[in-house]
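S.K.: fold the following for me, if possible:
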Amino acid sequence: MKVHFIAIGGSAMHNLAIALRRKGFEVTGSDDEIFEPSKGRLEREGILPDTIGWNLDRIHEDLDAIVLGMHAKEDNPELLKAQEMGLKIFSYPEYLYEQAKDKLRVVIGGSHGKTSITAMILHVLKYHAIDCDYMVGAQLDGFDCMVKLSEEAKVTIFEGDEYLSSPIDRRPKFHLYHPDIAILSGIAWDHINVFPTFEIYLEQFKIFAKEMSAGGTLFYCDQDSNLKTLLADDDIHVEKVPYSIPKHYIEDGVTALISDDGAEKTQLKIFGKHNLMNLEGARLVCDKLGLGEGEFLKAIASFKGASNRLEEVKRSANKVMFKDFAHSPSKVGATVAAVREQFLNFHLIACLELHTFSSLNEEFLLEYLGTLEKADEAIVYFNPHTLEHKKLVPITELQIKEAFGGNNIKVYTRSMDLIEYLKSLEHNNQAFLMMTSGNFDGIDFNDLALELV
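M.R.: So this is what the prediction gives:
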């Protein structure tokens, strides 16, 4: 099979390209920019384009398929030539489905938690040497490529993203997977640039449930009122199984699970109610795949979490720093609450970077009300140039304070000023929480942790 990737440098696209190369496919690709770590990984696999830019010579009759990435535009010259020639053009999720359509498909969806749940399931399956194919959106310990496609595996585990599939396919990615087993972890409005109202966003999850295979099983978090209302629809013809927070306790800053019969206690390396709900969803999927509670608990005890998902950067006797991908309001609130509950006697400094299109929108900003209230120090950071780049209306410090609900909110627009303030804080016990889908304009969290912790 000969497959060409238009926009091969994307975080998802380059992983799929590597997976197909390892499967024995002949893979080529183009992009107008390729950064690390994609560049180095593609080079090691021998599929880094020899020149940067679009090249019409790479589009020819011998290609079996074109995979089109979101970074490309509708007027991309390679895409236009492929359309003119009548070549088969797939979006990223379409091609994943094509490779997995004869397997048992497990898809994890939801506005938050889907990466963590997918990572937990993969961790447990790997621990017990159970072969599976997969796709997950974050780098996980023990995995060098975040897509695996094989002939042998009978099961495939996909993280189900609700964002658009490609420049010419405006369907959410997770609509295209048609799972046999699925999880919905919760619904909280996101991606307002493509789903301008909550009702439109909500409808995407209803379509996902309706597109499941006949006789499928859908596990859902019953703590989410939006999910419960949505799944009451009689047109969703699958088995619906609710889940919630499993029995647990916290002692000396460590969370432990209690087995159903109360006889077994399993200490965890992760914490927070949202992580515990994610864990319970993962357990139910693993049970459906044939792994009992004891096998699940034995494996999950060593799970450290997905990269940038409440990830511990550094810890000392009385200080600790975490980084987290949290940027949407529901994720921010849940992450702050988790650290607060785990470190009750610590002075909690929560820093949030407004970095995405949604988070910097002056109307959507109001969705953040109260999300930082459990922190002792609440800090919001944004770069005014990011607003200009995204062509958004400027926002002010006063707007941010009013949106988050308090004059105690500190606002910074220069990373060096933020660093100096953090270094000036001195308390007996301190917990630093850095939340962003970016990096606060170049902050190295490892270096910062060495200074603060």
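
S.K.: contact partners for the most centrally placed residue in the chain?
M.R.: When C-alpha atoms, centre = their mean is applied to the chain, the residue found nearest the centroid is T115 (4.3 Å). By C-beta atoms under 8 Å, 6 or more residues apart in numbering, the contact set of T115 is 136-138, 159, 306, 309, 325. Backbone N, C-alpha and C define where each C-beta goes, glycine included.

S.K.: which non-adjacent residue is nearest the residue of the chain positioned farthest from its centre?
M.R.: Relative to the average C-alpha location in the chain, and by C-alpha atoms, centre = their mean, no residue lies farther out than E61, which sits at 36.5 Å. Once its chain neighbours are removed from consideration, E61 has its nearest residue in M85; the separation is 6.8 Å (C-beta to C-beta, 6 or more residues apart in numbering).

S.K.: check K273 too.
M.R.: Excluding the flanking residues, the one nearest K273 by C-beta to C-beta, 6+ apart is I245, at 5.6 Å.

S.K.: please name the residues that touch that neighbour.
M.R.: Contact partners of I245, counting by C-beta under 8 Å, 6+ apart, are 223, 273, 276-277, 280.

S.K.: over to G333?
M.R.: Contact analysis of G333 by C-beta under 8 Å, 6+ apart lists 370-371.

S.K.: same thing with M435?
M.R.: Under the criterion of C-beta under 8 Å, 6+ apart, the contact list for M435 reads 323-327, 331-332, 335-336, 350-353.

S.K.: and the strands in the stretch 201-350 of the chain?
M.R.: Assigned by DSSP state E, counting those that start in this stretch, the strands in the stretch 201-350 of the chain fall at 217-221, 239-243, 248-251, 254-258, 265-267, 311-315, 319-324, 347-353.

S.K.: quick one: closest of those strands to H71.
M.R.: Set against H71 and scored by C-beta to C-beta, those come closest in strand 347-353, at 22.4 Å.

S.K.: that closest one pairs with which strands?
M.R.: The sheet places strand 347-353 alongside strand 377-381 (parallel), strand 430-435 (parallel), with pairing taken from DSSP bridges.

S.K.: quick check: beta-bridge partners of the closest residue to G281 other than its chain neighbours?
M.R.: With C-beta to C-beta, 6+ apart as the measure, I183 is the residue that lies nearest to G281, at 4.7 Å, once sequence neighbours are left out. Judged by DSSP bridges, the bridge partners of I183 are I108, F219.

S.K.: and the helices in the stretch 101-250 of the chain?
M.R.: Residue ranges of the helices in the stretch 101-250 of the chain, as given by DSSP state H, counting those that start in this stretch, are 114-127, 198-210, 225-230.

S.K.: quick one, which of these is nearest to S316?
M.R.: So among these, helix 114-127 is nearest, using C-beta to C-beta, at 25.8 Å.

S.K.: so how far is the closest one from its chain's centroid?
M.R.: 13 Å (C-alpha atoms, centre = their mean, to the nearest Å).

S.K.: what mean pLDDT would you report for that helix?
M.R.: Per-residue confidence for helix 114-127 averages out to 96 on the pLDDT scale.

S.K.: and what of stretch 341-361?
M.R.: Mean pLDDT, stretch 341-361: 93.

S.K.: tabulate the CA atom coordinates of that stretch in CSV.
M.R.: Taking Å, rounded to 0.1, in the frame of the first residue of the first chain, the C-alpha atoms of stretch 341-361 are listed here in CSV:
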residue,chain,number,x,y,z
GLU,A,341,-8.4,17.9,48.3
GLN,A,342,-5.1,16.0,48.1
PHE,A,343,-3.0,18.8,49.7
LEU,A,344,-5.4,20.3,52.3
ASN,A,345,-2.6,21.8,54.5
PHE,A,346,-0.7,23.3,51.6
HIS,A,347,-0.8,26.9,50.3
LEU,A,348,-2.2,26.2,46.7
ILE,A,349,-1.0,28.5,44.0
ALA,A,350,-3.0,27.9,40.8
CYS,A,351,-1.8,29.5,37.5
LEU,A,352,-3.9,29.3,34.4
GLU,A,353,-2.8,30.4,30.9
LEU,A,354,-5.6,31.5,28.6
HIS,A,355,-4.2,30.2,25.4
THR,A,356,-7.0,28.6,23.2
PHE,A,357,-9.5,30.4,20.9
SER,A,358,-12.3,29.5,23.3
SER,A,359,-10.6,30.6,26.5
LEU,A,360,-9.6,34.0,25.0
ASN,A,361,-13.1,34.8,23.7
